[in-house]
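> this one's structure only:
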């Protein structure tokens, strides 16, 4: 897989919370825990996030300027257009 950069919050980077929110805005990927943060996101390779949670493969076809949210790992994704 080609290395694609993704923004992550500290919880995802530290692997202390699961990815529950994925956004693709203007071509940029974000993998987030879904909580509010006042921090600067960390950039990692998307493959490292997928290695930790292979259920994220299901959302890699997310259209640009859309987001997907779920309540738990393996849960059904709810996809919305980013406003």
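Arrived safely, thanks for sending. Quick caveat: nothing in here was measured; it's all calculated off a predicted structure.
> centre of the chain to stretch 67-74, how far?
Centroid separation for stretch 67-74 versus its chain: 9 Å, with Cα atoms, centre = their mean, to the nearest Å.
> quick one: mean pLDDT for that stretch?
Taken as a whole, stretch 67-74 has an average pLDDT of 96.
> which residues are in contact with it?
Stretch 67-74 has contacts (Cβ atoms under 8 Å, 6 or more residues apart in numbering) with 18-25, 34, 53, 55, 59, 62, 76-80, 82. Any C-beta I mention is one placed from the backbone N, CA and C, and that applies to glycine too.
> the same query, at a cut-off of 10 Å, please.
Residues outside stretch 67-74 that contact it (Cβ atoms under 10 Å, 6 or more residues apart in numbering): 18-25, 30, 32, 34, 53, 55-56, 58-59, 62, 75-83.
> before we move on, what about stretch 28-43?
4-14, 16-24, 44, 46, 48-50, 52-53, 56, 59-60, 62, 64, 67, 69-71.
> put the buried members of those into a ChimeraX selection.
Isolation of the buried members of those (16 or more other Cβ atoms under 10 Å) is achieved in ChimeraX through the command below:
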select :6,7,8,9,11,12,13,18,19,20,21,22,23,24,44,46,49,50,56,59,62,67,69,70
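> restricted to strands, list the contacts of stretch 28-43.
5, 6, 7, 8, 21, 22, 23, 24, 44, 67, 69 (DSSP state E).
> just give the number of residues close to residue 68.
Neighbours of residue 68 under the rule other Cβ atoms under 10 Å: 20.
> my error: substitute residue 58 in the last question.
Neighbours of residue 58 using other Cβ under 10 Å come to 14.
> dig out what the residue nearest in space to the middle of the chain forms beta bridges with.
Closest residue to the average C-alpha location of the chain: residue 31 at 2.0 Å, with Cα atoms, centre = their mean. Beta-bridge partners recorded for residue 31 (DSSP bridges): residue 8, residue 22.
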